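>>> give me coordinates for this.
(2 chains)
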Number of protein chains: 2
Amino acid sequence: MTKKIPLPSLKRLPKYYSIVCEYYKEGKEYIKSSEISKKLDIDETQVRKDIALLNCAGKPKVGFNINELKRYLEEFLDINNMKDSFLIGTGNLGLAIAKYNGFEKYGLNITALFDTDPHKIGLKVGEKEIFHVSKFPDLAQRMRVKIIILAVPREEAQKMADIAVKAGAKAIWNFAPANIDVPKDVLVINQDLATDFMVLWLQLHNKDLSI
Amino acid sequence: MTKKIPLPSLKRLPKYYSIVCEYYKEGKEYIKSSEISKKLDIDETQVRKDIALLNCAGKPKVGFNINELKRYLEEFLDINNMKDSFLIGTGNLGLAIAKYNGFEKYGLNITALFDTDPHKIGLKVGEKEIFHVSKFPDLAQRMRVKIIILAVPREEAQKMADIAVKAGAKAIWNFAPANIDVPKDVLVINQDLATDFMVLWLQLHNKDLSI
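Got it, this is the predicted structure:
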């Protein structure tokens, strides 16, 4: 994990892993970069360059050995280590995230949920309990959780981010449609759904764009 | 909208618009590229290049006139035209999307909701009614809706995508953790939350990446 990987490549590697896992489940032995390219609509040269970053070599005309490529990706993505996180906000979006069944494949794990609504405290979503936000600092420190998912209303976002940062959060995945201010050493990824939606619309109406 | 805009720039323009709107509301007259750069943690040279694509020129040391930059962005993003879409799936995620209060600023509008659960048909989410999926083709054709948001379980994704495509959908925003097959002229954007989450984790543990 010390190699310099361009961010766009980094973003594609989990997608390759998804497809490699499909092939693995189907009992296939090899996958060609052209197949990955076609499935993900990514240029084939790009696929080859990305996989080369993992130092995984394919065989001409045969492709990449599935077991080998899977192992390289798992090592890079550190699949076998659990990656714990806390989620703040249990409205529709928070619940959808808590129940989302795609995280496990990467070892991503939401350990506990937090809210301020007294009616929700103590309820369980699957195996996960909803705690009051006041318990956040103590639990985050005891469980050494550094990744926070923020699914609160816009007005609450900064306040909850402050609580999380004070308790040692190092990365915030922010679903609230609000910019939050955090210290420089804290990573924030804004999942601005409106922007994502707008990008889809722009792509649909601007076929002449370059990728 | 006929100019060739690189996709990464395209993705940043709605973010710039967000900030420009904040400044506008606060009654500010100018914004510097350095301020946008700082707020979004994007290289200043990049910000200037992106805005240059709009043919909007700033004044040295003063920055961009807010009214002017806002107008250029609104024109490019076609803010004042309503962009209608249909949403299929009204579980937690679908409801969260239907209630999300960040779409209006871009003129993005979810016109109707669809589900297969008979208990949900006829219910309203805000102003939006939930219809049975069997009504989808007729409504999509009558209202000329081309953009579909898919928030259904993995097992349902392909079937619902097929219905949407048959009814004339040209863009699918897919939240299901599944790859869907569509004809070549249909744009699919997979909002794979697991991949997004994994990218956050990789960024947190791989500070040495290049952007």
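
>>> how about stretch A:164-177: buried residues?
Neighbour counts over stretch A:164-177 (16 or more other C-beta atoms under 10 Å in any protein chain shown) mark A:164-165, A:167, A:169-177 as buried. No exception for glycine: its C-beta is placed from N, CA and C like everyone else's.

>>> is the helix or strand of chain A with the lowest mean pLDDT positioned near chain B?
Scoring the helices and strands of chain A by mean pLDDT, DSSP states H and E places helix A:193-205 at the bottom, with a mean of 85. Yes - applying C-beta under 8 Å from any C-beta of the partner chain, one finds helix A:193-205 in contact with chain B at A:193-205.

>>> can you pick the most crowded of those residues?
Of all those, the highest neighbour tally under other C-beta atoms under 10 Å in any protein chain shown goes to residue A:198, namely 27 neighbours.

>>> thought residue A:13 was touching residue A:75?
No - the pair residue A:13 and residue A:75 fails to qualify as a contact (C-beta atoms under 8 Å) at a distance of 11.2 Å.

>>> of these two, who's got more company?
Set residue A:13 next to residue A:75 and count neighbours by other C-beta under 10 Å: residue A:13 wins out with 22 against 13.

>>> what's the distance between that one and residue B:204?
With distances taken as C-beta to C-beta, to the nearest Å, residue A:13 is found 15 Å from residue B:204.

>>> go on, residue A:10?
For residue A:10, the distance to residue B:204 equals 12 Å [C-beta to C-beta].

>>> residue A:112: what secondary structure?
Under the three-state scheme (DSSP: H, G, I helix; E, B strand; the rest coil), residue A:112 adopts strand.

>>> so what's it up against?
A:86-87, A:128-129, A:131, A:139, A:143 (C-beta atoms under 8 Å, 6 or more residues apart in numbering or on different chains).

>>> which residue ranges form the helices in chain A?
A:7-25, A:33-40, A:44-52, A:66-77, A:92-99, A:136-143, A:157-166, A:193-205 (DSSP state H).

>>> could these be laid out in a markdown table, adding distance to residue B:110?
Compiled in a markdown table, the helices of chain A are given as follows (distance: least, C-beta to C-beta, whole Å):
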| stretch | distance to residue B:110 |
| --- | --- |
| helix A:7-25 | 27 |
| helix A:33-40 | 27 |
| helix A:44-52 | 33 |
| helix A:66-77 | 34 |
| helix A:92-99 | 14 |
| helix A:136-143 | 33 |
| helix A:157-166 | 22 |
| helix A:193-205 | 10 |
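
>>> which one of these is the most hemmed in?
helix A:92-99 (a mean of 22; mean count of other C-beta atoms under 10 Å in any protein chain shown).
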